[in-house]
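In: my questions are about this predicted structure, shown below with the sequence.
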Protein chains: 2
Amino acid sequence: MNLEIKQDILLENLNYVIKGVSSKNIIPILNCLKFELNNEGLYITSTDNEITIKTFIEKSNIEKINSLGEIVVSGKYIYEIIRKLPNVTIKIEEIIDNKINISTENSSFNLNCNDINEYPEIDLNDSKNPIIISKKVFKNLIKQTSFACSTQENRPEFTGINIKLNKNILECTATDSYRLAKKYIELDQDYNENINIIIPNKNVIELERMLSDNDENLEMHIFSNKIIFKFDNIIMMIRLINGNYPDTSKLIPDKFNISVSVDLKNFFSAIDRASLFTSEYDKNTIKLELEKNIINISSNIPEIGHVEEKVMIDDNYKDLFKLAFSSKYMLDALKTFESEKIILNFNGEEKPIIIKNINDDGLVQLILPVKTY
Amino acid sequence: MNLEIKQDILLENLNYVIKGVSSKNIIPILNCLKFELNNEGLYITSTDNEITIKTFIEKSNIEKINSLGEIVVSGKYIYEIIRKLPNVTIKIEEIIDNKINISTENSSFNLNCNDINEYPEIDLNDSKNPIIISKKVFKNLIKQTSFACSTQENRPEFTGINIKLNKNILECTATDSYRLAKKYIELDQDYNENINIIIPNKNVIELERMLSDNDENLEMHIFSNKIIFKFDNIIMMIRLINGNYPDTSKLIPDKFNISVSVDLKNFFSAIDRASLFTSEYDKNTIKLELEKNIINISSNIPEIGHVEEKVMIDDNYKDLFKLAFSSKYMLDALKTFESEKIILNFNGEEKPIIIKNINDDGLVQLILPVKTY
């Protein structure tokens, strides 16, 4: 392998693949990047077996190709070298003794290579019927649900996002069993397959960060044990979580005893301030009281003090209704909304709180109340 | 105490004093702020006995004063409350049971107060002859020297910055015994007192961050065991480190066997890249070779690889000169320079490296070489 390439083009691609390299992996080959230079261009791959990221730099974006070939080299070191070089043309060539030399006019790095045969073979072939979705829409789907995943490994399926497809309805669900986030969208076309998979949250977050916020499309190729995302010049494979995701469709009622609309910013700020007088020890519990056209929010830590917040609502509710919930969960849920007003729905002080947009856009946030007696 | 004040004015002042509150202090009263409302305005004080910060809000900047008084209250909580309130007029009033109430139209906080009599009395009176210096110049003095202080407590005097005053020359020195940073400036007037004190680095860094980067003046009031800084509406007291700072004036030679001028950016980038192939284990050592009009910089980690960097110099030096040094110390030192070119001065491979600005501006950086044999 022997080529010349502009620093900015190479770095842009390394910025993606480096996310698939964990410097803590005890299998040294998984800390490496694989470079494959063929007649089409340069492919760069990283994998930790759970995720694989592969980028492609077209021949036309490479200054000069002197000889084709493949190498496997420490991801961390080649990334830092390219990052610290100025934006000029960089020569990369395989030299004797299983090394590469990376050079510019005044800099010359020799870097030891690893054995190409040790690098895992990863099947990144397409499925027959990829699902097509805009990057922006998919990014939002993940941001609006992923925070509700569990970080506890005792229920592995809760550490992932459940993705379901039925005809043209794509639905994402995440829950840690105390709260649940759900969002569905309509795709441009119907799909025949019924899909019901669980993607590990920590890996799908990496994908979400890599996606630019535009209307270009993303392809999802779904298999029994993995999902492959294709966008821009990037392929990302994520292994699925084994297991059956619980049926969450019954958890969200469609009728409510109380539904009140409230200004999102005011409600968020009030909860945020009330959360000052809560602690993780008491599950960050705050109290909500609804009477007439006022929501009263309160919390206290006896040694420190007490807070009361008032939020005016548009509706007028005659009875007194009370419940308590985790301020942290409520703030997390409220952050997923962008509208000026939201609807808070209640069915009783021990029944889930359901939060929706005023114009239903498929987003539902559920929070279980905290019993305070 | 009972007053009404705009949120932004109060928060601006709390942003300063909160820096004097450590949430980890085991003496609860030192986690508090003292508020004193008198006929002049509102004073707010924080102290951990090592530093004291006191700000003053003039009467004219307070919306309404209903009654004067003093309170002592948890710094962390009142700071977070004010920070999270909107920018409106806030009422603060002492209520029964040794509490204060902080309120706006929709928010009401009760916060328990601490005993005012337990709060330490701190003497913040002026000295007779304060030293006057521009904030911008003082900020630079600290930034150009403070990084060279030691973090090891076995030589307490090295954890501080040495400040010396002789007539109109103010000199700051910091060293950890492997490197030394020194900067002197000329003040606008002569002072009669000879001053030679050591200020704890960790506290002077807090001061440096609080100073805005402008030409307004700072007053330094120096006492035997403390220094008081006065600027804007702020008083900051820092306890001095006891001990005699070693005489460092002999350490910096004024004659050199080799002096070469080099482009700062190119030299910095070359060292930065070479530092990739060093480790803390080997003191981040890199090698420098000087021959003709080229500086060669190299380093290697045998298992990983090897780097060579070339930097062209303006001078032409006929013999080969070699030495090795810590890339980390060199990068720290180079960051203090702003000129396009700097001068590297050498007296031998075991003698200190002395770095100066091409137009001497009183800044000197010294780095001891590393022996590699």
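Out: Arrived safely. What you see is a predicted model, and the numbers here were worked out from it, not measured in a lab. Residues are numbered from 1 along each chain as shown, chains lettered A, B, ... in the order given.
In: ramachandran coordinates for residue A:282?
Out: Backbone torsions for residue A:282, taken as degrees, to the nearest 10, come to phi -100, psi 30.
In: equivalent analysis for residue A:8, please.
Out: phi -70, psi -40.
In: do the one 3 residues further on as well
Out: Geometry field for residue A:11 lists phi and psi as phi -60, psi -40, criterion degrees, to the nearest 10.
In: next, the contact list for the closest residue to it other than its chain neighbours, please.
Out: The shortest distance from residue A:11 to any residue other than its chain neighbours is 5.2 Å, reached at residue A:82 (CB to CB, 6 or more residues apart in numbering or on different chains). The way it works is simple: take the backbone N, C-alpha and C, and place the C-beta from them, glycine included. Contacts for residue A:82 were tallied using CB atoms under 8 Å, 6 or more residues apart in numbering or on different chains; they are A:7, A:10-11, A:14, A:90, A:102.
In: what segments of the stretch 201-350 of chain A are strands?
Out: Ranges of strands in the stretch 201-350 of chain A, per DSSP state E, counting those that start in this stretch, are A:217-222, A:226-231, A:234-239, A:258-263, A:285-301, A:305-326, A:341-346.
In: what's the average pLDDT for stretch A:322-336?
Out: Across stretch A:322-336, the average pLDDT comes to 97.
In: chain B contacts on chain A?
Out: Counting by CB under 8 Å from any CB of the partner chain, chain A comes close to chain B at A:74, A:77, A:80-81, A:84-86, A:99, A:106-112, A:266, A:269-270, A:272-273, A:276-277, A:303-312.
In: from one end of stretch A:334-350 to the other, what's the distance?
Out: 20 Å (CA to CA, to the nearest Å).
In: same deal with stretch A:41-58?
Out: End residues of stretch A:41-58 are separated by 5 Å (CA to CA).
In: also stretch A:216-234?
Out: End to end - CA to CA - stretch A:216-234 spans 13 Å.
In: can you list the residues that contact it?
Out: By CB under 8 Å, 6+ apart, stretch A:216-234 touches A:13, A:16, A:53-58, A:124, A:126-127, A:130-135, A:138, A:193, A:195, A:197, A:199, A:207, A:210-212, A:235-240, A:242.
In: buried sites along that stretch?
Out: A:217-218, A:220-222, A:226-231, A:233-234 (16 or more other CB atoms under 10 Å in any protein chain shown).
In: make JSON lines from those and add pLDDT and distance to residue A:251 to it.
Out: JSON lines is the format used below for those (pLDDT from 0 to 100; distance: CB to CB, whole Å):
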{"residue": "A:217", "pLDDT": "96", "distance to residue A:251": "32"}
{"residue": "A:218", "pLDDT": "96", "distance to residue A:251": "29"}
{"residue": "A:220", "pLDDT": "97", "distance to residue A:251": "26"}
{"residue": "A:221", "pLDDT": "98", "distance to residue A:251": "30"}
{"residue": "A:222", "pLDDT": "96", "distance to residue A:251": "25"}
{"residue": "A:226", "pLDDT": "97", "distance to residue A:251": "28"}
{"residue": "A:227", "pLDDT": "98", "distance to residue A:251": "25"}
{"residue": "A:228", "pLDDT": "98", "distance to residue A:251": "31"}
{"residue": "A:229", "pLDDT": "98", "distance to residue A:251": "28"}
{"residue": "A:230", "pLDDT": "98", "distance to residue A:251": "33"}
{"residue": "A:231", "pLDDT": "97", "distance to residue A:251": "32"}
{"residue": "A:233", "pLDDT": "96", "distance to residue A:251": "40"}
{"residue": "A:234", "pLDDT": "97", "distance to residue A:251": "35"}
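In: closest to chain B out of the contacts of residue A:82?
Out: The nearest member of the contacts of residue A:82 to chain B, counting by CB to the nearest CB, is residue A:102 at 9.1 Å.
In: what sits against the closest one?
Out: A:78, A:81-82, A:85, A:90-92, A:108-109, A:111.
In: what do you get for residue A:161?
Out: Counting by CB under 8 Å, 6+ apart, residue A:161 touches A:142, A:145-146, A:149, A:172-174, A:198-199, A:201, A:204.
In: please tell me how far it sits from residue B:32.
Out: 45 Å (CB to CB, to the nearest Å).
In: how about residue A:251?
Out: From residue A:251 to residue B:32 the distance is 46 Å (CB to CB).
In: neighbour-wise, which of those two wins?
Out: Ranked by neighbour count (other CB atoms under 10 Å in any protein chain shown), residue A:251 and residue B:32 place residue B:32 first, with 27 against 16.
In: what about that one, distance to chain A?
Out: As for residue B:32, its distance to chain A is 12 Å (criterion: CB to the nearest CB, to the nearest Å).
In: I'd say that residue and residue B:119 touch.
Out: Yes - contact criterion CB atoms under 8 Å: residue B:32 and residue B:119 qualify, at 6.9 Å.
In: want to try CSV for the contacts of residue A:82, with pLDDT and secondary structure as columns?
Out: CSV is the format used below for the contacts of residue A:82 (pLDDT from 0 to 100; DSSP: H, G, I helix; E, B strand; the rest coil):
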residue, pLDDT, secondary structure
A:7, 98, helix
A:10, 98, helix
A:11, 98, helix
A:14, 98, helix
A:90, 98, strand
A:102, 98, strand
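In: adding distance to residue B:26, write those out as CSV.
Out: Below are these laid out as CSV (distance: CB to CB, whole Å):
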residue, distance to residue B:26
A:7, 52
A:10, 53
A:11, 48
A:14, 48
A:90, 55
A:102, 53
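In: tell me which of the contacts of residue A:102 is nearest to residue B:345?
Out: Using CB to CB, residue A:108 comes nearest to residue B:345 of the contacts of residue A:102, at 27.4 Å.
In: where exactly do the helices run in the stretch 1-150 of chain A?
Out: A:7-17, A:75-84, A:135-145 (DSSP state H, counting those that start in this stretch).
In: residues in contact with residue A:348?
Out: Applying CB under 8 Å, 6+ apart, the residues near residue A:348 are residue A:257.
In: okay, it and residue A:299: tell me how far apart.
Out: 21 Å.
In: and for residue A:91?
Out: Relative to residue A:299, and taking CB to CB, residue A:91 is found at 63 Å.
In: which one of these two is surrounded by more residues?
Out: Set residue A:91 next to residue A:299 and count neighbours by other CB under 10 Å: residue A:299 wins out with 24 against 17.
In: what sits against that one?
Out: A:274-278, A:285-287, A:306-307, A:327.
In: will you turn those residues into a markdown table that also has neighbour count and distance to residue B:363?
Out: Shown next, in a markdown table, are these (neighbours: other CB atoms under 10 Å in any protein chain shown; distance: CB to CB, whole Å):
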| residue | neighbour count | distance to residue B:363 |
| --- | --- | --- |
| A:274 | 26 | 52 |
| A:275 | 22 | 48 |
| A:276 | 21 | 46 |
| A:277 | 24 | 50 |
| A:278 | 19 | 51 |
| A:285 | 19 | 56 |
| A:286 | 27 | 55 |
| A:287 | 17 | 60 |
| A:306 | 17 | 55 |
| A:307 | 26 | 51 |
| A:327 | 24 | 51 |
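In: just the closest of those to residue A:362, please.
Out: Nearest to residue A:362 among the contacts of residue A:299, with distances taken as CB to CB, is residue A:327, at 25.7 Å.
In: quick check: that closest one touching residue A:273?
Out: No - using CB under 8 Å, residue A:327 and residue A:273 do not qualify as a contacting pair, with a distance of 9.7 Å.
In: of the contacts of residue A:82, buried ones?
Out: A:7, A:10-11, A:14, A:90, A:102.
In: how many other residues sit next to residue A:243?
Out: 12.
In: surely it touches residue A:158?
Out: No - contact criterion CB under 8 Å: residue A:243 and residue A:158 do not qualify, at 9.5 Å.
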